[in-house]
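J.: A predicted structure for the sequence below; I have some questions about it.
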Amino acid sequence: MPTRTLLLDDRAIGRALARMASEIVERCHGTEDLVLVGIQRRGVELASRLTGLIGQGEGAAVPVGKLDITLYRDDLQTVGPRPVVGETSLPDLDGKTVVIVDDVLYTGRTVRAALDECADFGRPRRILLCVLIDRGGRELPIQADISGASVTTTAGDRVDVFVSELDGRDAVELVR
Amino acid sequence: MTSAALGKDLIGLEHLTPAQLELILDTAEPFKEVSERPIKKVPALRGKTIVNLFFEPSTRTRISFEFAEKRLSADTVNVSPQGSSVSKGETLVDTARNLEAMRIDMVVIRHGASGAAQFLGSRIRSNVINAGDGKHEHPTQALLDMLTLRDHFGRLAGLKVAICGDILHSRVARSNIWGLLKLGAQVGVCGPATLLPRNIEALGVAVLPRIEDAIQWADALNVLRLQLERMQTGFIPSLREYNRVFGVTSERLARAPKDLLILHPGPMNRGVEIDSDVADGPHSVILPQVTNGVAVRMAVLYLLAGGAPDWAQAAGRGEDH
């Protein structure tokens, strides 16, 4: 029977997002030419919240996009029960500072796919990676620029992220 | 290769479940967006080799499949009987086996014989997609028709769709009938008695003897091409008379109780089964059908290639793999 350990509750997630929003503004020297792109699905919700927080703090509306990396995965042969291809809708990326937002960073393959897909949509000036939780276990040389929290996990573990928009509550849980 | 989602081949819609039909239509939705991108290409089928084996002339279906394959980054080869060993008498299965020996992954086949796709699928390991076999089925055409109807009406359940014209020789009609009925639509057929199969009612469709009946009854008309090459054998007295009695004209549509959506699988015989002002009119979705054709074929190729990754579920939970 797997056990669930709460890593972040709703208040901790709120604090992490507020800090991440400030860090984005700081690292990008403001909001000019800034674009946030969430990776489907929970990355989209997090990116949307981050743009809201940046907007509150800076009084500027930061464009936000959605990225579905399904068709850019390198493991199509991994046959599963049902494919899910989500929506991709991106603002203009040319010359912009793009912050890719995802919920969990693990092997890095999702981020690699996201970088490939972004390159097909334009030529950003700079790309940063922002994740809510970094669980280690990288298979590619990819590192988050901004992360809400880090946890050490093993291959058999799972990190579940819940967001209120989709799941009715905010939480990050380690399933071991 | 097998896919848990659809099975190894797509031969027709007769044996697909409603869930499988919905899966294809739902998967086609995001693929529409790929064709709108500045770079209309994703790497999902990179490294796959697909052979388009077209034994009958075809422009739009072959090109539509080719676009779908290329937009998924597959490598494609087109084979037609002219200029290939088929013209020297090689059998279908030998042609396919030889191609398969060159390590291909998928075959898209169009053939004049009903059952050709099924025959091939049962004899080779590669995935087989039926792009039209004789008078049997043309599943991707029906799927793109269904997607176009769903786009317009937001649903298929309860919709009344009249298929008009040469039902007897039409593989498009058969696939449409099976597909639409499975997803809860009502289907009517309308055409000269000589062009309606006997006992067509047994499939669960309404027979509408006059085009005026179809226009009164339906939400959408799917107007089939009158297959002129088959009309030399006395199925209809003349093309002119066919147009006079069964042609979809703006005068007839003006008497419809509501605006009808007009579909046509193409190529059209303007002035025969459909008049130009209808084909080019505001209720025609003939060109959106063509656009949807690429998306549907991308979805089918993707699903058959095994595009059903476990990580999709994991991603839903917030995992990165």
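T.: Structure's in. What do you need?
J.: quick one: secondary structure of B:Ile262?
T.: strand (DSSP: H, G, I helix; E, B strand; the rest coil).
J.: just the helices in chain A please.
T.: Counting by DSSP state H, chain A has these helices, from start to end: A:10-27, A:42-58, A:109-121, A:164-167.
J.: tabulate the ones you listed (TSV), appending mean neighbour count and mean pLDDT.
T.: C-beta coordinates here come from the backbone N, C-alpha and C atoms, glycine included. Shown next, in TSV, are these (neighbours: other C-beta atoms under 10 Å in any protein chain shown; pLDDT from 0 to 100):
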stretch	mean neighbour count	mean pLDDT
helix A:10-27	17	97
helix A:42-58	21	96
helix A:109-121	21	93
helix A:164-167	14	94
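J.: for the chain, what spans make up the strands?
T.: Defaulting to chain A. A:4-8, A:34-39, A:64-67, A:97-105, A:126-134, A:146-150, A:158-162, A:171-175 (DSSP state E).
J.: I was after chain B.
T.: Going by DSSP E, chain B shows strands at B:49-54, B:75-79, B:106-111, B:127-133, B:160-164, B:186-190, B:206-207, B:220-223, B:261-263.
J.: which residues of chain A score low on pLDDT?
T.: A:75-83 (pLDDT under 70).
J.: so the residue of it found nearest chain B bridges to which residues?
T.: With C-beta to the nearest C-beta as the measure, A:Val161 is the residue of chain A nearest to chain B, at 3.1 Å. Under DSSP bridges, the beta-bridge partners of A:Val161 are A:Val172.
J.: count of residues packed around it?
T.: A:Val161: 27 surrounding residues under other C-beta atoms under 10 Å in any protein chain shown.
J.: pretty sure A:Cys98 sits against A:Val35.
T.: For the record, residue A:98 is Val, not Cys. Yes - counting by C-beta atoms under 8 Å, A:Val35 is a contact partner of A:Val98 at 5.0 Å.
J.: ok, these two, which is more surrounded?
T.: Ranked by neighbour count (other C-beta under 10 Å), A:Val98 and A:Val35 place A:Val98 first, with 27 against 24.
J.: report pLDDT for the nearest residue to B:Arg270 once chain neighbours are set aside.
T.: Distance criterion C-beta to C-beta, 6 or more residues apart in numbering or on different chains; nearest residue to B:Arg270, sequence neighbours excluded, is B:Ser276 at 4.8 Å. On the pLDDT scale, B:Ser276 is placed at 95.
J.: okay, A:Arg158 and A:Ala149: tell me how far apart.
T.: 16 Å (C-beta to C-beta, to the nearest Å).
J.: got it, and B:Leu10?
T.: Shown here: B:Leu10 relative to A:Ala149, a distance of 46 Å by C-beta to C-beta.
J.: find the centremost residue of chain B, please.
T.: Geometric centre of chain B, nearest residue: B:Gln141, 1.0 Å, by C-alpha atoms, centre = their mean.
J.: my read is that that one contacts B:Ser175, right?
T.: Yes - contact criterion C-beta under 8 Å: B:Gln141 and B:Ser175 qualify, at 6.5 Å.
J.: what pLDDT is listed against B:Pro267?
T.: Taking B:Pro267 on its own, its pLDDT is 91.
J.: nearest residue to it other than its sequence neighbours?
T.: B:Arg225 (6.3 Å).
J.: give me the number of residues near that neighbour?
T.: 19.
J.: what sits against the residue of the stretch 151-300 of chain B found nearest chain A?
T.: Closest to chain A within the stretch 151-300 of chain B is B:Ala299: 8.4 Å, counting by C-beta to the nearest C-beta. Listed by C-beta atoms under 8 Å, 6 or more residues apart in numbering or on different chains, the contact set of B:Ala299 reads B:Ile24, B:Leu25, B:Thr27, B:Ala28, B:Phe31.
J.: which of those residues has the largest number of neighbours?
T.: When these are compared by neighbour count (other C-beta under 10 Å), B:Ala28 ends up highest, at 27 neighbours.
J.: so what's that residue up against?
T.: Applying C-beta under 8 Å, 6+ apart, the residues contacting B:Ala28 are B:Leu143, B:Leu147, B:Asn292, B:Ala295, B:Val296, B:Met298, B:Ala299.
J.: can I have the buried ones of these as a PyMOL selection?
T.: This is how PyMOL selects the buried members of the contacts of B:Ala28, with burial counted by 16 or more other C-beta atoms under 10 Å in any protein chain shown:
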select buried, chain B and resi 143+147+292+295+296+298+299
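J.: name the residues contacting each of A:Val98 and A:Val35.
T.: Here A:Val98 and A:Val35 have A:Pro124 as joint contacts, going by C-beta under 8 Å, 6+ apart.
J.: then stretch B:248-267 to CSV, C-alphas only?
T.: Extracted in CSV, the C-alpha atoms of stretch B:248-267 (Å, rounded to 0.1, in the frame of the first residue of the first chain):
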residue,chain,number,x,y,z
VAL,B,248,-29.4,19.8,-54.7
THR,B,249,-30.3,23.3,-56.0
SER,B,250,-30.7,26.6,-54.2
GLU,B,251,-34.4,26.7,-55.3
ARG,B,252,-35.0,23.4,-53.4
LEU,B,253,-33.0,24.5,-50.4
ALA,B,254,-35.0,27.7,-50.2
ARG,B,255,-38.0,25.6,-49.3
ALA,B,256,-36.2,23.9,-46.4
PRO,B,257,-37.7,24.5,-42.9
LYS,B,258,-34.2,25.5,-41.6
ASP,B,259,-30.7,26.2,-42.9
LEU,B,260,-29.1,22.9,-44.0
LEU,B,261,-25.5,22.2,-43.7
ILE,B,262,-24.2,21.0,-47.1
LEU,B,263,-21.4,18.4,-47.2
HIS,B,264,-19.8,16.7,-50.2
PRO,B,265,-16.9,14.3,-50.2
GLY,B,266,-15.7,15.5,-53.6
PRO,B,267,-14.8,15.7,-56.4
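J.: can I get the helices of chain A in a markdown table with distance to B:Leu195?
T.: Converted to a markdown table, those look like this (distance: least, C-beta to C-beta, whole Å):
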| stretch | distance to B:Leu195 |
| --- | --- |
| helix A:10-27 | 65 |
| helix A:42-58 | 51 |
| helix A:109-121 | 48 |
| helix A:164-167 | 52 |
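J.: what's the closest non-adjacent residue to B:Asn130?
T.: Closest residue to B:Asn130 apart from its sequence neighbours, by C-beta to C-beta, 6+ apart: B:Ala117 at 3.6 Å.
J.: OK, contacts around the one you found?
T.: B:Ala117 touches B:Asp9, B:Ile11, B:Gly12, B:Ile109, B:His111, B:Val128, B:Ile129, B:Asn130, B:Ala131, B:Asp133, B:Glu137, counting by C-beta under 8 Å, 6+ apart.
J.: and the pLDDT at the third one?
T.: With respect to pLDDT, B:Gly12 scores 97.
J.: so the closest residue to it other than its chain neighbours bridges to which residues?
T.: Ranked by C-beta to C-beta, 6+ apart and with sequence neighbours excluded, the top spatial neighbour of B:Gly12 is B:Glu137, at 3.4 Å. Note on B:Glu137: beta-bridge partners by DSSP bridges are B:Asp133.
J.: closest to the centroid, which residue in chain A?
T.: Central residue of chain A (C-alpha atoms, centre = their mean): A:Asp102, at 1.1 Å.
J.: which ones are touching it?
T.: A:38-39, A:42-43, A:46, A:110-111, A:114, A:129-132, B:320.
J.: okay, now the unreliable bits of the stretch 151-300 of chain B?
T.: Scanning the stretch 151-300 of chain B with the threshold set as pLDDT under 70 gives B:230-232.
J.: what's A:Ile133 in contact with, if anything?
T.: Contacts of A:Ile133 by C-beta under 8 Å, 6+ apart are A:7-8, A:103-105, A:147-151, A:159, A:161, A:172.
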